[in-house]
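Peer 1: starting from these lines, generate the structure:
(one chain, ligands or ions: 2)
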Amino acid sequence: MPRWECAINGCGHEYDQVEDLIVHQSAEHDRAECKVCGAVLPDGYFAVRHAFDEHTRAEYVRAYNASAAEVRQRENIKETIEETADIRAVVDRLEGGTDRL
Ligand SMILES: [Zn+2]
Ligand SMILES: [Zn+2]
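Peer 2: Numbers count the residues shown, from 1 in each chain. Ligands and ions are numbered 1, 2, ... in the order given. Modelled structure (predicted):
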């Protein structure tokens, strides 16, 4: 079973379930501001998803000063998470607030 590691600011928390990782990133880390449009989002997966769903690669590269390799890496992470995670369940947990956050 793959272990998912939180990479935000060298956090290093590890989770067996990707859903747990996303909840952790959303609930325990400060929110991140999109450098392209200024929207404030949960850091981690949701910030990455916003950046690539709402903005072009060119905008992302310019605003984040990212290399093509970095863009590819983040796109790969996003795809991997979306193949694995039940994002709807994550959102329900975050909005419901009944699970441990
Ligand atoms: Zn973390
Ligand atoms: Zn944005």
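
Peer 1: next one: residue 90 relative to residue 66, how far apart?
Peer 2: Distance, residue 90 to residue 66, by Cβ to Cβ, to the nearest Å: 25 Å. No exception for glycine: its C-beta is placed from N, CA and C like everyone else's.

Peer 1: between those two, which one's more packed in?
Peer 2: When neighbours are counted by other Cβ atoms under 10 Å, residue 90 and residue 66 differ, and residue 90 comes out ahead with 24 against 17.

Peer 1: any low-confidence regions in the protein?
Peer 2: Per-residue confidence of the chain (counting by pLDDT under 70) places the weak regions at 1, 97-101.

Peer 1: residue 81 against residue 17, yeah?
Peer 2: No: the pair formed by residue 81 and residue 17 falls short of the contact definition of Cβ atoms under 8 Å, at 11.4 Å.

Peer 1: looking at those two, which is more packed in?
Peer 2: The neighbour count for residue 81 versus residue 17, taken as other Cβ under 10 Å, is higher for residue 81 (20 against 16).

Peer 1: in what helix or strand does that one lie?
Peer 2: Residue 81 belongs to helix 68-84 when assigned by DSSP states H and E.

Peer 1: the helix or strand just after that helix to helix 68-84, inter-axis angle?
Peer 2: On the C-terminal side of helix 68-84, the closest following helix or strand by DSSP H and E is helix 87-96. Angle between the axes of helix 87-96 and helix 68-84 is 90 degrees (criterion: axes from the mean of the first three to the mean of the last three Cα atoms, to 10 degrees).
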